[in-house]
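J.: everything below, folded, please.
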Amino acid sequence: MQENIRPIAPIGISGLEPQAPPTGMPIFELVIPTDLYVDPAYQRNISEKGSRQIRRIIEGFDWAKYKPPICAYAEHDGKTILKVLDGQHTAIAAASNPHVDKIPVMIVEADSTIAQAKAFIGQNIERLGVTTLQLHQAALAAADEDAQTLELVCTRAGVKVLKTTNAYTGNGTRQTIAIKQIEALINRRGPKLAREILEVLANAERGPLTAPQIKAIELLMTDAEFCERIAPEDLTEAIVDLLFTAEDEAKLFAATHKVPFWRALAVTWFRKCKKKRQMLKSVA
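T.: Residues are numbered from 1 along each chain as shown. Predicted structure coming up:
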């Protein structure tokens with residue numbers, strides 16, 4: 001006996017303001033996969049993990065499991081092309097499979113690179129396979145103000161935001177992938193103080209800058225218990241003096257006192273940091 005099936009039915013939308021689609025309905029076309037293009041302004045390069053995914057798609061290619069790539073028309077070198085906004089792994093797998101000549105793609109309206117980058121973000125914002133770094137690069141391409149502010153804050157602090165997790169050079173000095181932490185820092189403290197906090201770590205010439213380090217410096221430079229007793233340049237000097245032993249001491253402190261690692265790191269740096277002299281008020 002067939003189990004009960006249910007029809008698609010609308011939900012209640014009380015309190016919502018439904019948006020009328022700002023662009024036209026997508027169309028579907030059959031295309032040769034190798035006629036498609038990828039824009040590096042907002043699309044990631046294929047990683048080793050991505051290559052493994054492509055090989056799995058090739059070996060198990062099945063139209064019943066197929067999800068059409070989402071594309072948009074664009075002008076390039078005087079001709080009209082189709083850019084892949086989402087689904088480049090599927091497109092590459094199809095191009096590599098000798099049993100597949102053409103594939104259906106969904107074509108949406110997104111003429112400019114900015115519009116295409118915004119579409120990419122919309123397609124991938126909730127997907128686990130797309131990293132925060134990739135979404136940040138796409139947001140930059142989409143001229144997103146928050147992404148631009150983050151880049152400006154980091155640039156002025158002498159910190160480079162990397163595009164991928166494996167792009168560190170040398171010992172990672174003045175480099176970071178801690179996008180979420182820096183975003184949160186700017187939202188809480190504003191661009192100016194966020195830059196000053198990042199500068200403390202950057203000027204220590206050690207790296208990479210991690211989320212726990214940023215949270216630790218934020219605490220030391222904003223909490224009245226600490227910030228009134230130390231100067232940023234002295235904090236940088238303490239970080240240099242302790243080098244990597246700070247993390248070992250902080251781990252022990254965190255385990256002993258049952259506090260988060262970032263807070264233990266802050267305490268470790270504070271203990272080492274030279275303290276300001278307290279001005280004595282004269283009593284008349």
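J.: what are the phi and psi values for E199?
T.: Phi and psi for E199, reported as degrees, to the nearest 10, are phi -60, psi -40.
J.: over to N171?
T.: Main-chain dihedrals, N171, degrees, to the nearest 10: phi -100, psi 10.
J.: for it, what are its contacts?
T.: Each residue near N171 by CB atoms under 8 Å, 6 or more residues apart in numbering is listed here: 206-207. In short, each C-beta sits where N, CA and C put it, glycine included.
J.: quick one: pLDDT of it?
T.: The model reports N171 with a pLDDT of 82.
J.: give me the low-pLDDT residue ranges for this protein?
T.: Applying pLDDT under 70 to the chain flags the ranges 1-2, 42, 44, 111-131, 277-284.
J.: tell me, what residue is most central in it?
T.: The structure's the chain has its C-alpha centroid closest to T132; by CA atoms, centre = their mean the separation is 2.3 Å.
J.: pretty sure it contacts K180?
T.: Yes: if you go by CB atoms under 8 Å, T132 and K180 touch, sitting 5.7 Å apart.
J.: quick one, strands of the stretch 1-150 of the chain?
T.: Along the stretch 1-150 of the chain, counting by DSSP state E, counting those that start in this stretch, strands occupy 27-31, 36-37, 70-76, 79-86, 103-108.
J.: relative to strand 27-31, how tilted is the fourth one?
T.: What it means is strand 79-86. 110 degrees (axes from the mean of the first three to the mean of the last three CA atoms, to 10 degrees).
J.: got a list of what K272 touches?
T.: Contact analysis of K272 by CB under 8 Å, 6+ apart lists 238, 241-242, 246.
J.: for F261, which non-adjacent residue is closest in space?
T.: Spatially, and ignoring its direct neighbours in sequence, F261 is nearest to A254 (4.8 Å; CB to CB, 6 or more residues apart in numbering).
J.: the residue lying closest to I92 once chain neighbours are set aside: neighbour count?
T.: Using CB to CB, 6+ apart and skipping the chain neighbours, the partner closest in space to I92 is I54 (5.3 Å). Look at I54: counted by other CB atoms under 10 Å, it has 20 neighbours.
J.: care to break the chain down by domain?
T.: What automatic domain parsing lists as the domains of the chain is 27-141, 145-272.
J.: TSV please, covering those domains and showing distance to E3.
T.: Putting the domains of the chain into TSV (distance: least, CB to CB, whole Å) gives the following:
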stretch	distance to E3
domain 27-141	20
domain 145-272	43
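J.: for E17, find the nearest of those.
T.: Minimum separation from E17 across those (CB to CB) falls at domain 27-141, 18.2 Å.
J.: quick one: contacts for the residue nearest to I92?
T.: By CB under 8 Å, 6+ apart, the residues touching I54 are 46, 89, 92-93, 96.
J.: going by neighbour count, which of those residues are buried?
T.: 89, 92-93 (16 or more other CB atoms under 10 Å).
J.: I'd guessed A238 sits against C273; true?
T.: Yes: the pair A238 / C273 is scored as a contact, 4.0 Å apart, by CB under 8 Å.
J.: which one is C227 nearest to, not counting chain neighbours?
T.: Per CB to CB, 6+ apart, closest to C227 is M221, 5.3 Å.
J.: that concludes my questions; thank you for your assistance.
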